[in-house]
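Engineer: Test case, fold it:
(one chain, ligands or ions: 1)
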Amino acid sequence: MLARSGDDACSGGVTMSVSVHRLRRPARANDSVGQPLTPAERGLMIASAEAKITELFDVLQIDHRNDAHSRDTPRRVARMFVEEIMEGRFSDPPALTEFENTSAFDDLIVTGPIEVRSTCAHHLLPIYGEAFIGILPALNGRIIGLSKYDRVVQHFSTRPQVQEELVQQIGQFIVEHTAPRGLAVRISAVHMCKTHRGVKASHKSRMITTAYFGAIADREALKEQFLHECLALGQID
Ligand SMILES: [Zn+2]
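Structural biologist: This is a model prediction of the structure:
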């Protein structure tokens, strides 16, 4: 799948002349590019990004060749984008280890706060806050280990995001893989594109988005119970 311009690339090297956008079909900022990157593709992507960030530093008149503080910054930033900030675009979602709902538990389960560390797709600045997930299990459905919800939040957060779509992506993935009777995903987060630029809002300024699925979407009493449990779990601010 890696676009190559010669056999030399097959012996472990990567061909820098290959345009990196040919690695995969370009996707929306908060979509996956498909199959996880191979180590060779990852190496090519980091090297290509480093070259472009170096160019950006030149445009911005940063003397990174002589300044000890910024000398390795293009490489560091390229690695950070590919391996951390946008890792979720280039890797598989977590495998959800399924457990049968053998005890036939059918009341609302709420887990949180789950740390959200993401990046806004509009400005590439951090979004940080907490997620809460409410699950109304199906009697014949599947309940997954609690830590898996944290992993799912992390996976979809590590890409340039829009908070309204992040709650939907997390919820749809869990619904598709565990078939609950109902599900709720709520995120309260600070957007640094609002606190560090533009209007320079207070760090207490948050945005809350909630996505409801199935029976929770249809019943106000379940929504209220979910929101009540979110408050009980510490979503005070
Ligand atoms: Zn933004």
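Engineer: helix/strand/coil for Cys185?
Structural biologist: No, residue 185 isn't Cys; it's Val. Three-state call for Val185 (DSSP: H, G, I helix; E, B strand; the rest coil): strand.
Engineer: again with Phe156
Structural biologist: Once three-state DSSP is applied, Phe156 turns out helix.
Engineer: could you measure it against Leu136, distance?
Structural biologist: Phe156 sits 21 Å away from Leu136, going by CB to CB, to the nearest Å. For the C-beta atoms, the positions are set from N, CA and C on the backbone; glycine is no exception.
Engineer: do the same with Glu55
Structural biologist: Distance, Glu55 to Leu136, using CB to CB: 51 Å.
Engineer: out of those two, which sits in the busier spot?
Structural biologist: Taking other CB atoms under 10 Å, Glu55 and Leu136 do not tie; Leu136 has more neighbours (23 against 11).
Engineer: What residues does that one make contact with?
Structural biologist: Taking CB atoms under 8 Å, 6 or more residues apart in numbering, we find Leu136 in contact with Asp106, Asp107, Leu108, Ile109, Pro180, Arg181, Gly182, Leu183, Gly214, Ala215, Ile216, Leu222.
Engineer: quick check, nearest of those residues to the ion?
Structural biologist: Set against the ion, the nearest of those by CB to the ion is Leu183 (26.8 Å).
Engineer: List the strands paired with the lowest-mean-pLDDT helix or strand in the chain, with their directions.
Structural biologist: Within the chain, no helix or strand scores below strand 98-100, which has a mean of 73 by mean pLDDT, DSSP states H and E. Sheet pairing of strand 98-100 (DSSP bridges) gives strand 142-144 (antiparallel).
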